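Participant: with the sequence up front, the predicted model follows.
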Number of protein chains: 2
Amino acid sequence: MKLGIFQFNPMWGNKNKNLDRIKRSLLSNDKVDLWVLPELCTTGYQLKTNQEVANLAERFPGGSTSGYLKELSRDIDAGIIIGIAERSGKQIYNSAAIFESGKFIGIYRKVHLFYEEKNYFSPGQELPEVFEIKGVKVGVMVCFDWIFPETARTLALKGAQLIAHPANLVLPFCQDAMVTRSIENKVITATANRIGEEARTGESLTFTGCSQVTDVDGARLGQLGQDEENVLVVDIDPPKAEDKSINQYNDLFGDRRDELYFLE
Amino acid sequence: MKLGIFQFNPMWGNKNKNLDRIKRSLLSNDKVDLWVLPELCTTGYQLKTNQEVANLAERFPGGSTSGYLKELSRDIDAGIIIGIAERSGKQIYNSAAIFESGKFIGIYRKVHLFYEEKNYFSPGQELPEVFEIKGVKVGVMVCFDWIFPETARTLALKGAQLIAHPANLVLPFCQDAMVTRSIENKVITATANRIGEEARTGESLTFTGCSQVTDVDGARLGQLGQDEENVLVVDIDPPKAEDKSINQYNDLFGDRRDELYFLE
């Protein structure tokens, strides 16, 4: 299957413009089966008051952004996994929404919030079951979830062949760490990061780009540049992730000694 | 404190010669407070029959190798963590033995056995509590334990400031993955790998050297070459590992969502 990432610099607060750019990029790469897009890439990242967050967040499904993306996924007959600001009742979540060929598939609410996100978002209360998209078992995590090895491990144990990872990375470590996440779980990972800067809170954040796809053996199947607005399209073979053996004696899941971990 | 690693090519089956080389190296670097040495570095790695294993394995404490290393640790007034073949009753373990200034401190029996090790060794039944050595809280793991993120995580949660990691690595991934282990746990790691080849089982193994020390932020404090017989000595600051915060909002341990992990 063909996996696509669109790495770009979202314009803060301008959902129409961001959605239009997303639409043009996705329509112009019509061989892609599954798209992964960055975290909070319809709204921008630095939401500095509760009012701003409330104004920009929407219901998924139900809101206009959700409708737009659902329709786009039908037009391109593909899956879309995209970071958005979600309103659900009185709660606002930093979420990833999942669409497939005209259907809303589900939502993942970021469990490990980073830095000032804790002021404006509620943390998610579960790690998701895998989503079946275009025949692929997809686990979803968002940005800072990467630093907790338990996140990718839990998704892999739940059966994910591919971990889709919308991100707005500012620390320099994640892209190399995702190689380790692939190796330790024998899964494919797709990190869709943004580029550019935001300085709305008085603190300037520079996002690190370098979106990438890693294979089950940790090999990078493709990577974009640090400040490159571009699409990355790679062929992936998700069934390879079903086999957790690394030789005739060792199996990454079978060899786990769960009873010995986290005992105190 | 000064941490030392001795990376070398042990001679198979010749414990006297290997211990003599270890002694000479350690005596000639007398500023080191704590030494980490490779896995199975007194015996060699490929133990191909139960009889060979039984002949080479010894009791720790109690056997002559244990006595030799205890005495050496007194002579150099330092800690020594070293991979050895341990006999305990009818069981043989791939273990790390720990000594400090003339005292036997403890043993760790490798929990995750690699490849044909499963034919000759029994797996350990616990991940160890931290050992206090020269005032440093040390967690110990052996070689293939690295690929299971739960190992380093468990040691860090038990309070390890430093993870000492005797190894006989043949896969190319570990040295980079240990950077991730440092970052995700904010711990120092010391991987003592061997060099050279062994082909006693008809299958030739080439060990990957590149022994290294990583700091709490993943920075490499030092690394040896791929085929270099040498000593690496670096200064480490273990109390840095006590602080798990990465900014005023995030703490690597406080932010864990243990209730959400491994639920099915």
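Facilitator: Now that the structure is in, tell me what you want to look at.
Participant: how much space is there between residue A:3 and residue A:176?
Facilitator: Separation of residue A:3 from residue A:176 (CB to CB, to the nearest Å) stands at 20 Å. No exception for glycine: its C-beta is placed from N, CA and C like everyone else's.
Participant: of the two, which one has the most company?
Facilitator: residue A:3 (25 against 18; other CB atoms under 10 Å in any protein chain shown).
Participant: how about the helix or strand hosting the more buried one: buried residues?
Facilitator: Following DSSP states H and E, one finds residue A:3 within strand A:2-7. For strand A:2-7, burial by neighbour count (16 or more other CB atoms under 10 Å in any protein chain shown) applies to A:3-7.
Participant: mind checking how far that strand is from the chain centre?
Facilitator: Taking CA atoms, centre = their mean, to the nearest Å, one finds strand A:2-7 lying 11 Å from the centre of the chain it belongs to.
Participant: state the next helix or strand along the chain beyond it.
Facilitator: Taking DSSP H and E, what comes next after strand A:2-7 is helix A:15-27.
Participant: that following helix packs against which elements?
Facilitator: strand A:2-7, helix A:64-76 (3 or more CB pairs under 8 Å, 6 or more residues apart in numbering or on different chains; DSSP states H and E).
Participant: returning to that earlier point: quick one: which two of the buried residues of strand A:2-7 are the most distant?
Facilitator: Between any two of these, the greatest separation by CB to CB is 13.3 Å, found for A:3 and A:7.
Participant: in chain A, which spans are strands?
Facilitator: A:2-7, A:34-36, A:79-88, A:91-100, A:103-109, A:131-133, A:136-140, A:162-166, A:188-192, A:197-198, A:205-206, A:212-214, A:220-223, A:230-235 (DSSP state E).
Participant: got a markdown table for the ones you listed, with distance to chain B and mean pLDDT too?
Facilitator: Conversion of the strands of chain A to a markdown table gives the following (distance: least, CB to the nearest CB, whole Å; pLDDT from 0 to 100):
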| stretch | distance to chain B | mean pLDDT |
| --- | --- | --- |
| strand A:2-7 | 22 | 98 |
| strand A:34-36 | 21 | 98 |
| strand A:79-88 | 18 | 97 |
| strand A:91-100 | 14 | 97 |
| strand A:103-109 | 11 | 98 |
| strand A:131-133 | 16 | 98 |
| strand A:136-140 | 13 | 98 |
| strand A:162-166 | 14 | 98 |
| strand A:188-192 | 13 | 98 |
| strand A:197-198 | 17 | 95 |
| strand A:205-206 | 12 | 95 |
| strand A:212-214 | 12 | 98 |
| strand A:220-223 | 12 | 98 |
| strand A:230-235 | 21 | 98 |
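Participant: now the residue of chain A found nearest chain B. Nearest residue, chain neighbours left out?
Facilitator: Using CB to the nearest CB, the single residue of chain A nearest to chain B is residue A:149, 3.6 Å away. Excluding the flanking residues, the one nearest residue A:149 by CB to CB, 6 or more residues apart in numbering or on different chains is residue B:149, at 3.6 Å.
Participant: list the contacts of that neighbour.
Facilitator: Neighbour list for residue B:149: A:149-150, A:153, A:184, B:181, B:184 [criterion: CB atoms under 8 Å, 6 or more residues apart in numbering or on different chains].
Participant: let's see 7 Å
Facilitator: A:149, A:153, A:184 (CB atoms under 7 Å, 6 or more residues apart in numbering or on different chains).
Participant: check residue A:224 too.
Facilitator: Residue A:224 sits next to A:7, A:209-211, A:230, A:232 when contact means CB under 7 Å, 6+ apart.
Participant: ok, residue A:188 next?
Facilitator: Per CB under 7 Å, 6+ apart, neighbours of residue A:188: A:161-162, A:182, A:213-216, A:236, A:238, A:241.
Participant: can you rerun that using 8 Å?
Facilitator: Applying CB under 8 Å, 6+ apart to residue A:188 gives the contacts A:161-163, A:182, A:213-216, A:236, A:238, A:240-241.
Participant: what residues are bridge-paired with it?
Facilitator: residue A:162 (DSSP bridges).
Participant: try the one 4 residues further on
Facilitator: In this structure, residue A:192 has the following beta-bridge partners (DSSP bridges): residue A:166.
Participant: OK, contacts around it?
Facilitator: Residue A:192 touches A:5-7, A:36-38, A:164-167, A:211, counting by CB under 8 Å, 6+ apart.
Participant: and those, which is closest to residue A:87?
Facilitator: residue A:166 (18.0 Å).
Participant: give me the neighbour count for that closest one.
Facilitator: 31.
Participant: I'd say it and residue A:94 touch.
Facilitator: No - with contact defined as CB atoms under 8 Å, residue A:166 does not count as touching residue A:94 (9.6 Å).
Participant: circling back to that earlier point, note down every partner strand of the strand holding residue A:3 and its orientation.
Facilitator: With DSSP bridges as the test, strand A:2-7 pairs up with strand A:34-36 (parallel), strand A:230-235 (antiparallel).
Participant: distance between the last one and the chain's centre?
Facilitator: Relative to the mean C-alpha coordinate of its chain, strand A:230-235 is positioned 15 Å out (CA atoms, centre = their mean).
Participant: same deal with the first one?
Facilitator: A distance of 9 Å separates the centroid of the chain from that of strand A:34-36, by CA atoms, centre = their mean.
Participant: try stretch A:251-264
Facilitator: 27 Å.
Participant: now do that stretch, average pLDDT.
Facilitator: Stretch A:251-264 shows a mean pLDDT of 85 in the predicted model.
Participant: contact partners of it?
Facilitator: A:156-157, A:184-186, A:244-246, B:111-112, B:123, B:125-127, B:147-148, B:150-151, B:153-154, B:157-158, B:258, B:262.
Participant: got a quick ChimeraX command for the buried subset of those?
Facilitator: A single ChimeraX command selects the buried members of the contacts of stretch A:251-264 (16+ other CB under 10 Å):
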select /A:156,157,184,185,186,244,246 /B:111,112,123,127,147,148,150,151,153,154,157,158,262
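Participant: among the contacts of stretch A:251-264, name the ones in helices.
Facilitator: A:156-157, A:184-185, B:150-151, B:153-154, B:157 (DSSP state H).
Participant: closest to residue B:42 out of the helices and strands packed on helix A:15-27?
Facilitator: strand A:2-7 (48.6 Å).
Participant: and that closest one with helix A:64-76, angle?
Facilitator: Relative orientation of strand A:2-7 versus helix A:64-76 (axes from the mean of the first three to the mean of the last three CA atoms, to 10 degrees): 140 degrees.
Participant: coming back round to it: quick check: neighbours shared by residue A:166 and residue A:94?
Facilitator: Going by CB under 8 Å, 6+ apart, residues that sit against residue A:166 and also against residue A:94 are A:39, A:83, A:142.
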